[in-house]
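> using only what follows, build the 3D model:
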Amino acid sequence: MATESTRCDRARSWTSLRLDGELSQLESALLNAHLRGCGSCRAFADEVEASTELLRAMPVLSLTEPVLVRARPRRDRRGVHGVAMGAAVLAASLAATLVGLDQLSRSPSGPKPTAMVAQASDSDNIFRSLRRQQLIAQSRPMPRNKAIF
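Now for the predicted structure:
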């Protein structure tokens, strides 16, 4: 069941639609029934209808000059992206180093930890190449897709 607030919201929306001639007969009947019982919605409808009639009765004015809408200048965000990429590369390098140190502490004869420092202008595949180098250093075979027959 609709609450009073929901009914009032719907009635106010229907008031606007009725002014534009877009309200169905059923909606119009429901709106009239609601306005008979709700003083605040009736006052709203009267005010909106009076304002709309006043605006529609005013003469249409012609513009003397064209309206210019200026677009806001775009900010250059390349610097922000470069800093973010640099931070991501630094974090990946730190993570690779920590993983290598952890493996070194578990196996004294294991691979030496490696880290790679890259610039923000390097390719998007930098994380993939870091992981590849890590797998090669561990002498583990690269994972491959297996054919299913």
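> what does the strand or helix carrying Glu47 rub up against?
Take DSSP states H and E as the rule and Glu47 turns out to sit in helix 39-57. Outside helix 39-57, the residues that touch it by Cβ atoms under 8 Å, 6 or more residues apart in numbering are Cys8, Ala11, Arg12, Thr15, Ser16, Leu19, His34, Leu35, Arg36. C-beta: built from backbone N, CA, C; applies to glycine.
> please apply the same query to stretch 14-26.
Contact with stretch 14-26 is made by Glu27, Ser28, Leu30, Leu31, Cys41, Phe44, Ala45, Val48, Glu49, Thr52, as judged by Cβ under 8 Å, 6+ apart.
> can you give me the domain boundaries for the chain?
Listed by automatic domain parsing, the domain ranges of the chain are 4-57, 79-137.
> comparing these, which gets the lowest mean pLDDT score?
Mean pLDDT values for the domains of the chain show the minimum at domain 79-137, a mean of 64.
> what segments of the chain are helices?
Using DSSP state H, the helices of the chain run over 4-19, 25-37, 39-57, 78-106, 126-137.
> let me know which of those is the nearest to Pro66.
Proximity to Pro66 (Cβ to Cβ) singles out helix 39-57 among the helices of the chain, at 23.3 Å.
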